[in-house]
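Trainee: no sequence on this one, just coordinates:
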């Protein structure tokens, strides 16, 4: 091709790059590896990680293990989905567009909200986007957030608050749930949004029906955060308690955990926010020119960065489409009945584990209220010693709360999903008994 | 033409495609565990379909979607190169795919090691001091970079800097990110002769507002596919007023091993690993947008960062000047595994060859298309170039959109159209390095045929596409009466239906 173009070397095409900025040496990187060698190397690196396939995990804390039916990866990984770009040319992207339209519908179905977008990076950034949407409603510059919201989410919110310039008021928890008196005191005329997680980071079920009137004392938006979407199988959905916006994380539905990401942030809202909601939206329409065949397109794009530039509702461009396809297939596979059963299995198994663990002397329940599939246990011995026992038994233990909640030094957050059998739970209980002895 | 009905229109009550594990623990009543006013009253009205219905439905949807594996995808600025299959296999190894982000460090040594090494590779490729892998995508990297710049200026008592300079041919995410970081985006003119930054205009802005400028955001080569030869001088001018240079890495596929943003004078760089490092785009994501920074900005990076000592790998908490966290957990790890595999399988020579081939392919296409189309900037291009179809529009009323749609009939995805905004009837073409000469020649052949059609039979172009599962769709209706979800009883209209 060089000869065809009348060039003597590739250097002729690099002429526009001035000498003073050229790199005059090879990149200092390891040499190329052929496929088999590289696979061996990668396999060895992967093998250094203790993985959930060969361990029994009781770790949740914002990232949940749910079984993935085989149909999901087989369909999600079809290369027509995997290797396509954002569906700018709808005529050859109907598959992805329709899948996202189905995703938006299913998000509405499980949250009982009116509309949903095509996905956001993760639950934490989805929560931030909801807050930014609320702040855009004019005048009010303060966000009230429950301390029961995932600590990482709150940390991300603080980072954006620094950049964007808004203030955050944190409401303490009392007996594992948002303190209603403190919430009531925190909400004022400057409040743009009230953010509460359900179930919250401790697994506790918040009384959203009691919180809602406080969260709607003024013109602020009531934002419900859901990090464990399996809870929606049995818990009242955000639409039923009059949340304005529901955001959260759906990665655990059909997608690999992959060290926590890529994740799948979602946002659902009341109909009135349709022109303010950030991110891609897929709409149903018909062909031009009187041929009334149904089709799907990216729509309301005048909200977005590639059209509106500095006046866009968000800067998001790339989102999490392929994970949305995974969650869609997952929910289609579970269906109406399976989704409910998922919630019941999590609830029952977690409560069985809770009863067994709290029956062991030295392992006490910290909170007395209702919980979904996570609960906090105060351990009378050393958590470090406990962790060592877990490693020996191929158990991935719970989350030590001291990392995020000062004062909860001896407390561990245990999670039990439908992936745990009675045998798994009994093994955990046996190990805890051994530690006691 | 056929339609695939929605999954909600399929199935029958009681059907299901997945079984749940057995309830092997003693069961208590729901109400004894959760107060009844907090329970869900009605089950979510999800589909009720059998396994084969699910499989056929989503198989059919995939067949109605065009990817790089389907055909040529010359979508400018998006770097739609081939995604090696090995990368996919590595990402789903249990040791990578089935690990929890909050596991104890000693149980995820391989994962932290991979991130530690990838960070170093990206620092070397970009010529920066340190990289964070946390941002989720390019636009997220932009925002993170601007936050780092903001924290830096504030630490020096220069919090007044509230302007971010952005060329008129920049990606739309740049000004949107600037706004999100509470900066005012100021548009910088580009030089109509070179497509680069208009140096006189830049000097004028800096003379007037230099002490208020926080940063300039540039991509080099720019969105016209042209390398801005003044880049070093731009850097000197920007640094002279105390502002920072931000590199939008969307076009980094042109510079691997040839030049580095750090060598060009940039202070902050973001990568689009889903472009440059060939992790698939997934129909719009996930991506990954790591950022690299110079030494004076390292303290402001979000944390934690992977680190290594005598005992092994661990997470290092950032210092007190860190901006914090920009997302939960440590970054799009599944994407990072693919990027790592890509870099290791290419090595330094391979990556250099990637950019050389991308540049050669683009110049070849530009040369071949110039007989029938006007090239917006005839200069030597880098990895992409911009065609203007204004000649076709003047002669026969055929627009860039029409030509884009007509390409679909020939099994070719459309180039980016109407961008950059400064070029009328723009078509931005990026062939990437992974295409064969035969594929490029086929594209040229089709483009020439379309140019001929525009002259002799413009209607066939104006009404394209003709062979796709749907024709052009009514965008205005979609925006005027947004229908964003299916509701029970919704009528779907179609010409014929596929019963499966």
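Mentor: Good, I have the coordinates. Here the structure is a predicted model, which is why all the values come from computation and not from measurement.

Trainee: what packs against whichever strand or helix holds residue A:37?
Mentor: Residue A:37 is part of helix A:35-47 when elements are defined by DSSP states H and E. Using 3 or more C-beta pairs under 8 Å, 6 or more residues apart in numbering or on different chains; DSSP states H and E as the contact criterion, the elements in contact with helix A:35-47 are helix B:85-91, helix B:94-97, helix B:109-126, helix B:333-369. Heads up, the C-betas are built off the backbone N, CA and C, glycines and all.

Trainee: pipe these into CSV and attach mean neighbour count per row.
Mentor: CSV is the format used below for those (neighbours: other C-beta atoms under 10 Å in any protein chain shown):
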stretch, mean neighbour count
helix B:85-91, 19
helix B:94-97, 22
helix B:109-126, 22
helix B:333-369, 23
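
Trainee: any chance of these in JSON lines, plus distance to chain A?
Mentor: Rendered in JSON lines, the data for the helices and strands packed on helix A:35-47 read as follows (distance: least, C-beta to the nearest C-beta, whole Å):
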{"stretch": "helix B:85-91", "distance to chain A": "5"}
{"stretch": "helix B:94-97", "distance to chain A": "3"}
{"stretch": "helix B:109-126", "distance to chain A": "3"}
{"stretch": "helix B:333-369", "distance to chain A": "3"}
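
Trainee: which of those helices sits closest to residue A:401?
Mentor: Ranking the helices and strands packed on helix A:35-47 by their distance to residue A:401 (criterion: C-beta to C-beta) puts helix B:109-126 first, at 22.6 Å.

Trainee: angle of that closest one against helix B:333-369?
Mentor: Calculated by axes from the mean of the first three to the mean of the last three C-alpha atoms, to 10 degrees, helix B:109-126 forms an angle of 30 degrees with helix B:333-369.

Trainee: just how off-centre is helix B:109-126 within its chain?
Mentor: If you compare the mean C-alpha spot of helix B:109-126 with that of the full chain, they lie 21 Å apart, counting by C-alpha atoms, centre = their mean, to the nearest Å.

Trainee: okay, buried residues for the lengthiest helix in chain A please.
Mentor: Among the elements of chain A assigned as helix by DSSP state H, the one spanning the most residues is helix A:321-358. Of the residues in helix A:321-358, those buried under the neighbour-count criterion (16 or more other C-beta atoms under 10 Å in any protein chain shown) are A:321-354, A:356-357.

Trainee: next one: stretch A:405-417
Mentor: Across stretch A:405-417, burial judged by 16+ other C-beta under 10 Å covers A:405, A:408, A:410, A:411, A:412, A:413, A:414, A:415, A:416, A:417.

Trainee: in those, find the pair that's most separated.
Mentor: Farthest apart among those by C-beta to C-beta are A:410 and A:417. That separation is 24.4 Å.

Trainee: and residue A:248, helix, strand or coil?
Mentor: With DSSP: H, G, I helix; E, B strand; the rest coil as the basis, the three-state label of residue A:248 is strand.

Trainee: correction: residue B:185
Mentor: State at residue B:185, reduced to three classes by three-state DSSP: strand.

Trainee: just want the most central residue of chain A.
Mentor: residue A:249 (2.3 Å; C-alpha atoms, centre = their mean).

Trainee: residues contacting it?
Mentor: Contacts were defined as C-beta atoms under 8 Å, 6 or more residues apart in numbering or on different chains; by that measure residue A:249 touches A:62, A:63, A:122, A:123, A:126, A:226, A:227, A:229, A:263, A:264, A:265, A:266.

Trainee: change it to 10 Å
Mentor: With contacts defined as C-beta atoms under 10 Å, 6 or more residues apart in numbering or on different chains, the neighbours of residue A:249 are A:62-64, A:120, A:122-124, A:126-127, A:150, A:153, A:225-229, A:260, A:263-266, B:328.

Trainee: quick one on the thing from earlier: closest to residue B:135 out of the helices and strands packed on helix A:35-47?
Mentor: For the helices and strands packed on helix A:35-47, distance to residue B:135 was read as C-beta to C-beta. The smallest value, 11.1 Å, belongs to helix B:333-369.

Trainee: surely residue B:357 touches residue A:1?
Mentor: Yes: with the criterion set as C-beta atoms under 10 Å, residue B:357 and residue A:1 qualify as a contacting pair; they are 9.5 Å apart.

Trainee: so what sits against both of those two?
Mentor: Listed as contacting both residue B:357 and residue A:1 by C-beta under 10 Å, 6+ apart are residue A:10.

Trainee: need phi/psi at whichever residue of the stretch 151-300 of chain A sits closest to chain B.
Mentor: Minimum separation of the stretch 151-300 of chain A from chain B (C-beta to the nearest C-beta) falls at residue A:260, amounting to 2.9 Å. Recorded main-chain torsions at residue A:260 are phi 100, psi -10, according to degrees, to the nearest 10.

Trainee: burial measure for it, as a count.
Mentor: Here the count is done by other C-beta atoms under 10 Å in any protein chain shown, and residue A:260 has 25 residues near it.

Trainee: how much space separates it from residue B:329?
Mentor: Noted for residue A:260: a distance of 3 Å to residue B:329, by C-beta to C-beta, to the nearest Å.

Trainee: residue A:152: what secondary structure?
Mentor: Residue A:152 ends up helix, using three-state DSSP.

Trainee: nearest residue to it other than its sequence neighbours?
Mentor: What sits nearest to residue A:152 in space, not counting adjacent residues and going by C-beta to C-beta, 6 or more residues apart in numbering or on different chains, is residue B:328, at 4.2 Å.

Trainee: the one you found: what's it in contact with?
Mentor: Contacts were defined as C-beta under 10 Å, 6+ apart; by that measure residue B:328 touches A:62-63, A:121-125, A:127, A:150-153, A:155-156, A:227, A:249, A:260-261, A:263, A:265, B:101, B:134.
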